[in-house]
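Q: Mind folding the following:
(2 chains)
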Protein chains: 2
Amino acid sequence: MKPAFLAVDWGTSSFRAWMMDHAGMVLDERVDKTGMATLTPELYPLVLAEHLAAFGVGADVPVLICGMAGAAQGWRQAPYLDTPARLSDIAGQAIRVSGVANDVRILPGIAQRLAGAWDVMRGEETILLGASLRSGDAMIVCLPGTHSKWAVIREGRLESFDTAMTGEVFGLLSQHSTLSHALAGESPALGSEFERAVAEALARPERILRKLFSIRAKSLLADGWNAPDGLDRLSGLLIGLEIAGTRKPEDGPVMLIASGIHRETYARAFAVAGISYEALDAEPLVRGGLYHAACAIWPEVFDRDTG
Amino acid sequence: MKPAFLAVDWGTSSFRAWMMDHAGMVLDERVDKTGMATLTPELYPLVLAEHLAAFGVGADVPVLICGMAGAAQGWRQAPYLDTPARLSDIAGQAIRVSGVANDVRILPGIAQRLAGAWDVMRGEETILLGASLRSGDAMIVCLPGTHSKWAVIREGRLESFDTAMTGEVFGLLSQHSTLSHALAGESPALGSEFERAVAEALARPERILRKLFSIRAKSLLADGWNAPDGLDRLSGLLIGLEIAGTRKPEDGPVMLIASGIHRETYARAFAVAGISYEALDAEPLVRGGLYHAACAIWPEVFDRDTG
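A: Numbering: from 1, shown residues only, chains lettered A, B, ... in the order given. Below is the predicted model of the structure:
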């Protein structure tokens, strides 16, 4: 099959690229750990050229990128769309990168310019476009992570969204705080301490700063305490707090876009909170969003291949 | 004046010692930055001996210590008293350190062994003893810091307490998180952004994880944003959250034991929350607590000096 374009999700610490055909099928895939955290603007075209050579394609294959490569500290800044935003409009706002052999475009992020609810996303808008193509109805989407996103989508429009620093706060507290001595394990074991902590945070979210310290105090005082319980408790408290702050009881079911440990922890927490959900992987959705945008940006590529 | 005893507040990263006479007057003072964070059990007696030599006193002067020197990771563990605890009982539970020339005692901390409200303090119990000697009535005490303590005291008894990780979370987020790029300054400037943030956290404490991210988003999006506003906002959100989680509206006025920037920030936050307070310095209170305990531990020393 002839490659139609290269779809790239280029984030803070990861590069994922899929060579796709005119119908959106994946022909080849490459992944590495380069990203905004380690790259300067001058390095982006060199990294991309290496991957294009490894894919074995020439300057005639266009490249569509989403993610932090479009941030001010990335390769080239792709100005934000503002909420409420029709997700399919990201294609029309893609910027073209000059000075490279291939036709390279970067999709914009989305900004929410509301006093008291300022927010930004880059990369998630493309996942959300992919999700909205799957279902035209209203939905609440949860994308857990370093900065978890909660999005309200109606008929292909991103109405509003919230970002919770759950993953970053979890990382700081588990690795660099007084609590680190009371914890053990790479990721939560999801025992009963996790569920208890989710319930506590849902019931009394305002007490989070003292609930966090209770992890250390309990490790010093409680008979039978073990450090994996501490990691469960920290994770449960923070995810419970995130849910308490982002989802109203009258909201409908949630589309949980996550894999691995994130899917496991949030699914368990949703069960404690009585939230029904559908779980999906992000990767096919971001590819779906990139493909949809590419068809809008380069109609001639896809017309020619199909015609 | 003849020295009666050496009063020492020995914490995680500080050593403060006062040579006191039989009436509790300070004859001399020494301060350094040694503490549990940098000492092993073998080093404590050496550091103390240096200070005793510098004070110019011999092996006949007893030494009373409060603080983290009595923790399991300190010099010698002084087992906790449990809540509810009569604060003056700390004297009777002091442990004696063997293998040193002087009569050295370490005061215990206090533990709260309650499921869901596990808590510990070391050092603050001595400040609280000093505070309770000043006023026999019921009081709510707030001791801001790395780990802020909120204590309920009635007629000299510590009924219950809460520890909020406010200062530690502030340090982690301001220095080691994504937010650090949106902040500037050593300490909050206490502008209008601080008060707005306190009010926001009091009104919607459950939204803290997304409010925190709004600092970064606002720094990217808002015209006229400046980084000192970011530090004000971070400080205001966390102190507002602490107050939302530790103090009930029906509680009476607060005794705020703090100095410097902590006194300024908490006083401003209490004003936003409509909380009346009296502000006191911790140092004379911890000395008062140490003196009261020393009189109970070594009555012969104080009898002899007065007789």
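
Q: Over to the nearest residue to residue A:279 once chain neighbours are set aside. Which of the three states is it?
A: Among residues not flanking residue A:279 along the chain, residue A:256 sits closest, at 4.6 Å (CB to CB, 6 or more residues apart in numbering or on different chains). No exception for glycine: its C-beta is placed from N, CA and C like everyone else's. What DSSP: H, G, I helix; E, B strand; the rest coil gives for residue A:256 is strand.

Q: now residue A:172
A: Reduced to three states with three-state DSSP, the structure at residue A:172 is helix.

Q: ok, it to residue A:180 distance?
A: Using CB to CB, to the nearest Å, residue A:172 is found at 10 Å from residue A:180.

Q: returning to what we had before: got a list of what the residue nearest to residue A:279 touches?
A: A:142, A:144, A:263, A:266, A:267, A:270, A:277, A:278, A:279, A:280 (CB atoms under 8 Å, 6 or more residues apart in numbering or on different chains).

Q: Tell me the spacing between the spatially closest residue to the third one that is not a sequence neighbour and chain B.
A: The one in question is residue A:263. Of all residues not flanking residue A:263 in the chain, residue A:279 sits nearest, at 5.6 Å (CB to CB, 6+ apart). Computed as CB to the nearest CB, to the nearest Å, the residue A:279 to chain B distance reads 21 Å.

Q: and the strand or helix carrying residue A:279, what does it pack onto?
A: Applying DSSP states H and E as the criterion places residue A:279 in strand A:277-280. Using 3 or more CB pairs under 8 Å, 6 or more residues apart in numbering or on different chains; DSSP states H and E, the elements in contact with strand A:277-280 are strand A:254-257, helix A:260-273.

Q: Need phi/psi at residue A:86.
A: For residue A:86, the backbone dihedrals (degrees, to the nearest 10) come out as phi -70, psi 120.

Q: Just give the closest residue to residue A:209, not the sequence neighbours.
A: Residue A:209 sits nearest to residue B:164 (CB to CB, 6+ apart), 3.8 Å away.

Q: neighbour count winner among residue A:172 and residue A:180?
A: residue A:172 (21 against 17; other CB atoms under 10 Å in any protein chain shown).

Q: which parts of the stretch 1-150 of chain A sit against chain B?
A: Among all residues of the stretch 1-150 of chain A, those adjacent to chain B (criterion: CB under 8 Å from any CB of the partner chain) are A:72, A:80, A:111, A:112, A:113, A:116, A:117, A:118, A:119, A:120, A:147, A:148.

Q: In helices, which of those appear?
A: Secondary structure defined by DSSP state H assigns none of the residues of the stretch 1-150 of chain A next to chain B to helices.

Q: May I see those residues arranged in CSV, with pLDDT as well?
A: Output for the residues of the stretch 1-150 of chain A next to chain B, formatted as CSV (pLDDT from 0 to 100):
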residue, pLDDT
A:72, 93
A:80, 97
A:111, 98
A:112, 97
A:113, 95
A:116, 79
A:117, 90
A:118, 94
A:119, 97
A:120, 97
A:147, 96
A:148, 97
